[in-house]
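**Q** next input, structure requested:
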Amino acid sequence: MTSAGHDTQTSSHPVRKLISYAAKEPVLSVLVVALIALQWLHPRPWLSLPGLIDWQTVLTLAGLLILTKAVELSGFLMWMAHRVVHHIRSERSLAFLLIGLAAALSTLLTNDVALFVVIPLTLSLHKLTPLPLKRLVIFIALAVNAGSILTPLGNPQNLFLWQTSGVSFGSFVWALAPLCAALMIMLYALTAVSFRGKALDLSKDAEPHPVDRTLVGVAAVLFVGFVLLADSHRAGIGLAAIMLGFLLWRREIVLKIDWLLLLIFVFMFIVLRSVAALPWVHQTVGQLGLATPLRAYAAGAVLSQAISNVPAAIMLAEFTKNWRALAFGVSVGGFGIAIGSLANLIAVRLSNERGMWLKFHLYAVPFWLVAGVVGGWLLLHI
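**A** Numbering: from 1, shown residues only. Have a look, this model is predicted:
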């Protein structure tokens, strides 16, 4: 009896561990299951799967993770947080500042890079004064998605649509400005009612905040150089130099980054692009009749919820020449389900907070629904 019971416990132990891990890493678990299902329903050679990965994005993400970790370990973010909380006295004012900073940075540095600046700063602020951290991270994610709409440099789908449209930089900005402005007004209105005007509690801010000036200086120079290399599609060279340098100088920086986030992105590219390549998906999209602006817009906003807005933009561009309607649609599609924009996944992951997924969708899905109506009206009337 004892032996049988022991065997049962032993055999169930790996199952319990697997379930526990899946609960801790739900996105990665879902992606793995989805990949297995896709390979069963519509098999493709396993050796072809790495070709589906956008390695430029993964390499860029890895470099940004290392550089952000270097800035964090330098103590600069805590020092900066100290300066901020002594000039901003209420939760609502702080939320306004962080959302505005995230949106502004995303217009030129892309939404992902903006997150790597603002989210770590927010985490440092939380160490100095109690903040509604989950809510702040969610609103920062919404802010980079809204702000990045404005320019071709704001996000990958804008860059793709700008290049395929053939319009000038200024014309693209002018065409997308009404949607960006409307969404930022919506976001600030939601912020005003979601954050309290109560004073910040600064009782935790008693210790000095030393800064490793050498480390933060090196990280700042490398950050600028790496972004320039990534922008010229040489992220691999930049990453190799950064990793080698820090492994020889401060190896703990490389060892402490979130390697699972990189793995999630690898699986995401494989799964999303496999779904987008399914014949019946292409056939279904082709039958939607995207000749009218409103249909192209709706297709972009809805399809993004299933395969993310960058693949949605690339796929739908084959079926419509109305780049503005498509840009409106995939921009709105960045809200709603977390997978709508990869920036959402980065923000939630960087926060390292449990229970983020449900709370994110409680804000993001209603925002997507209202943004869908607003974006459709602006498309037809402005």
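**Q** surely Val216 and Leu73 touch.
**A** No. At 9.3 Å, Val216 does not count as touching Leu73 under the criterion of CB atoms under 8 Å. Glycine gets a C-beta too; all of them are placed from N, C-alpha and C.
**Q** between the two, which has more neighbouring residues?
**A** Set side by side, Val216 and Leu73 show more neighbours around Val216, with 20 against 17, by other CB atoms under 10 Å.
**Q** quick one: contacts for the more buried one?
**A** For Val216, the set of contacting residues under the criterion of CB atoms under 8 Å, 6 or more residues apart in numbering consists of 70-71, 74-76.
**Q** check Met186 too.
**A** The neighbourhood of Met186, defined by CB under 8 Å, 6+ apart, consists of 367, 370-371, 374.
**Q** surely Ala298 meets Val373?
**A** No. In this structure Ala298 lies outside contact range of Val373 using CB under 8 Å: 11.1 Å.
**Q** neighbour count: the two, which is higher?
**A** Ala298 (22 against 10).
**Q** tell me the SS of that one?
**A** Each residue gets one of three states, and Ala298 gets helix by DSSP: H, G, I helix; E, B strand; the rest coil.
**Q** chain neighbours aside, what residue packs nearest to it?
**A** Residue nearest to Ala298 in three dimensions, not counting chain neighbours: Gly329, with 6.6 Å by CB to CB, 6 or more residues apart in numbering.
**Q** next, Gly289: phi, psi?
**A** For Gly289, the backbone dihedrals (degrees, to the nearest 10) come out as phi 70, psi 80.
**Q** what is the neighbour count of Leu35?
**A** Applying other CB under 10 Å, we find 16 residues neighbouring Leu35.
**Q** report pLDDT for it.
**A** In the predicted model, Leu35 carries a pLDDT score of 90.
**Q** could you pull out the helices for the stretch 101-250 of the chain?
**A** Listed in chain order, the helices of the stretch 101-250 of the chain (DSSP state H, counting those that start in this stretch) span 111-128, 133-147, 156-165, 169-194, 213-231, 235-249.
**Q** could you do the stretch 251-382 of the chain as well?
**A** In chain order, the stretch 251-382 of the chain shows helices spanning 251-255, 259-276, 279-286, 293-307, 309-316, 323-332, 342-351, 356-381, with DSSP H, counting those that start in this stretch as the criterion.
**Q** contact partners for the spatially closest residue to Arg273 that is not a sequence neighbour?
**A** Computed as CB to CB, 6+ apart, the closest residue to Arg273 that is not its neighbour in sequence is Leu52, at 4.3 Å. Contacts for Leu52 were tallied using CB under 8 Å, 6+ apart; they are 269-270, 273-274.
**Q** any chance of these in JSON lines, with pLDDT, distance to Phe246 and neighbour count too?
**A** Output for the contacts of Leu52, formatted as JSON lines (pLDDT from 0 to 100; distance: CB to CB, whole Å; neighbours: other CB atoms under 10 Å):
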{"residue": "Phe269", "pLDDT": "81", "distance to Phe246": "26", "neighbour count": "24"}
{"residue": "Ile270", "pLDDT": "87", "distance to Phe246": "28", "neighbour count": "22"}
{"residue": "Arg273", "pLDDT": "80", "distance to Phe246": "31", "neighbour count": "19"}
{"residue": "Ser274", "pLDDT": "84", "distance to Phe246": "34", "neighbour count": "20"}
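**Q** kindly reformat these as TSV containing distance to Gln283.
**A** Written out in TSV, the entries for the contacts of Leu52 read as follows (distance: CB to CB, whole Å):
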residue	distance to Gln283
Phe269	23
Ile270	22
Arg273	17
Ser274	16
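**Q** which one of those residues is nearest to Ala313?
**A** Each of these was checked against Ala313 using CB to CB; the closest is Arg273, at 13.0 Å.
**Q** tell me the spacing between that closest one and Val266.
**A** To Val266, Arg273 is 12 Å away according to CB to CB, to the nearest Å.
**Q** count of residues packed around the residue nearest to Ala298?
**A** Here the count is done by other CB under 10 Å, and Gly329 has 33 residues near it.
**Q** surely it and Leu294 touch.
**A** No. When contacts are counted by CB under 8 Å, Gly329 is not listed as touching Leu294 (9.5 Å).
**Q** by neighbour count, which of the contacts of Val216 wins?
**A** Counting by other CB under 10 Å, top hit in the contacts of Val216: Ala70 with 26 neighbours.
**Q** quick one: pLDDT of the residue nearest to Gln305 when sequence neighbours are not counted?
**A** Counting by CB to CB, 6+ apart, Gln305 lies nearest to Ile337, which is 4.6 Å off, once chain neighbours are set aside. Looking at Ile337, its pLDDT reads 93.
**Q** so what's the residue count around Ile337?
**A** Quick note: Ile337 (other CB under 10 Å) scores 17 neighbours.
**Q** kindly report the same for Glu72.
**A** When neighbours are counted by other CB under 10 Å, Glu72 registers 19.
**Q** so how far is Trp40 from the nearest residue to it once chain neighbours are set aside?
**A** Of all residues beyond its chain neighbours, the one nearest Glu72 is Pro120 (5.5 Å), with distances taken as CB to CB, 6+ apart. The gap separating Pro120 from Trp40 is 40 Å, by CB to CB.
**Q** quick one, which of these two is more surrounded?
**A** The neighbour count for Pro120 versus Trp40, taken as other CB under 10 Å, is higher for Pro120 (19 against 8).
**Q** how much space between the more buried one and Arg44?
**A** Taking CB to CB as the measure, Pro120 and Arg44 are separated by 38 Å.
**Q** now Ala62
**A** With the distance defined as CB to CB, Ala62 ends up 26 Å from Arg44.
**Q** with neighbour numbers in mind, choose between those two.
**A** Just comparing Ala62 and Arg44: by other CB under 10 Å the higher neighbour count belongs to Ala62, 23 against 14.
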